[in-house]
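1. below are the sequence and a predicted model for it; my questions follow.
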Amino acid sequence: MADVTKFAVKRINLPLLFEQLQAIGLGAPGLLMAGFQAIARQRYDPFAVRTEIGRTDGVPDFADPGELRFRFRNPLTGGEDTALDNLLAAHDATQNSTGQQQKQDDQDAVTPLVNNYNNWGTLTDVQKDANHRQLTRLVARLLDSTQNL
């Protein structure tokens, strides 16, 4: 195992960060968001000041603002370390991961589906077909969140 400490004094979207780590070939390392506090589901802001985050055998463990503690299977190469630095610098927590975007799209589709159901008789065949397709996507993702029809 190889422990790597990095700093990103910015908001972090955890699912997006893991998706980006996969995309650059670093897999899914262990990660302690040591210098962060949860502000919303799956989003974290850095602590304002150095903070005690725990104790080991009575000895306090402190984390600096924005401290990320990664644990990789193997030590990072120079290129991988640079790629991780670049990823953290470019990370934009306002963006959604693929799964988060799918969930948002599904939530956005509910109201039109209900409206279309209530006005079914006024829909064209093309609109009805689109409604059926959207409903099929929603049901498939409800049953298996990995589906992306």
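-> Okay, I see it.

2. grab the longest helix from the chain for me.
-> For the chain, the longest helix by residue count, based on DSSP state H, is helix 98-118.

3. how far does that helix sit from the chain's center?
-> Per Cα atoms, centre = their mean, to the nearest Å, the displacement of helix 98-118 from the mean C-alpha position of its chain is 20 Å.

4. for stretch 85-92, same thing?
-> Distance of stretch 85-92 from the chain centroid (Cα atoms, centre = their mean) equals 14 Å.

5. in it, what counts as buried?
-> Within stretch 85-92, the residues that count as buried by 16 or more other Cβ atoms under 10 Å are 87-88, 91. Heads up, the C-betas are built off the backbone N, CA and C, glycines and all.

6. and the residue nearest in space to the middle of the chain, how far from T98?
-> Nearest to the geometric centre of the chain sits P15, at 1.7 Å (Cα atoms, centre = their mean). Look at P15 and T98: by Cβ to Cβ, to the nearest Å, they are 9 Å apart.

7. please apply the same query to Q107.
-> Counting by Cβ to Cβ, the gap from Q107 to T98 is 15 Å.

8. format the buried residues of stretch 85-92 as CSV; extra columns: distance to P60, secondary structure and pLDDT.
-> As requested, the buried residues of stretch 85-92 are arranged in CSV below (distance: Cβ to Cβ, whole Å; DSSP: H, G, I helix; E, B strand; the rest coil; pLDDT from 0 to 100):
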residue, distance to P60, secondary structure, pLDDT
L87, 30, helix, 97
L88, 26, helix, 97
H91, 29, coil, 97
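
9. next, count neighbours for L26.
-> Applying other Cβ atoms under 10 Å, we find 20 other residues in the vicinity of L26.

10. isn't A28 up against L21?
-> Yes: with contacts counted by Cβ atoms under 8 Å, A28 reaches L21, the gap being 6.8 Å.

11. please identify the helix or strand for the residue nearest to the centre of the chain.
-> helix 14-23 (DSSP states H and E).
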